[in-house]
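Kindly generate the corresponding structure for this input.
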Amino acid sequence: MRITTRGRYALRASLALARLGKDGSPVSINNLSEQENISSVFLEQIFFRLKKAGIVTSVRGPGGGFYFAQPLDKLTIKAILDAAGEDLDLINCDKSREDCERIGYCLTHSIWKEVADLVNNYFRGITIASILEKHARNSGKNVKEL
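A predicted model of the protein is given here:
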């Protein structure tokens, strides 16, 4: 498993959007780009994927930008990584593949599958809201002050 730059930036930009758009107001790509020091062109590509997955929605025109399409306490890191196109499997192994010469007697397949399930479930259990709350606790701030 390898999280690419696109996946890492999707998570960073989502957290920045949560901080900057606390009141539900749209946040522009340029603002997110400046805050996170990520190319606005790259962020546009990422937010296109997030929008297609139903994670964010957008408003056009002056004062426009992106905002979350779902509550932050329901939005998981797994959903963001999936939308960004990240594959959280540890190996490219699928027991149903006919071209696998080890199918039927591979002893390690179940181990890698269990680890991949643990990783996926871990990211399913972390929400944007929980990250903000944890950061606020650790910094001694209120979530609204972030």
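
going forward, measure contacts and count neighbours with C-alpha atoms only.
Noted.

tell me which element Phe123 is part of?
According to DSSP states H and E, Phe123 maps onto helix 109-124.

model confidence over stretch 88-108, on average?
Stretch 88-108 shows a mean pLDDT of 68.

Could you double-check that Ser33 lies in contact with Leu43?
Yes. Using C-alpha atoms under 8 Å, Ser33 is in contact with Leu43, at 7.1 Å.

Pull out the buried residues from the helix holding Phe123.
For helix 109-124, burial by neighbour count (16 or more other C-alpha atoms under 10 Å) applies to 109, 113, 116, 119-120, 123-124.

As JSON lines, these with distance to Gly24 would be great.
Formatted as JSON lines, these follow (distance: C-alpha to C-alpha, whole Å):
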{"residue": "His109", "distance to Gly24": "44"}
{"residue": "Lys113", "distance to Gly24": "39"}
{"residue": "Ala116", "distance to Gly24": "34"}
{"residue": "Val119", "distance to Gly24": "31"}
{"residue": "Asn120", "distance to Gly24": "28"}
{"residue": "Phe123", "distance to Gly24": "24"}
{"residue": "Arg124", "distance to Gly24": "23"}
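
Out of these, the closest to Leu90 would be?
Taking C-alpha to C-alpha as the measure, Ala116 is the one of those closest to Leu90, at 5.9 Å.

helix/strand/coil for the closest residue to the closest one other than its chain neighbours?
Excluding its sequence neighbours, the residue lying closest to Ala116 (C-alpha to C-alpha, 6 or more residues apart in numbering) is Asp89, at 5.4 Å. Secondary structure for Asp89, judged by DSSP: H, G, I helix; E, B strand; the rest coil, is coil.

Thank you, goodbye.
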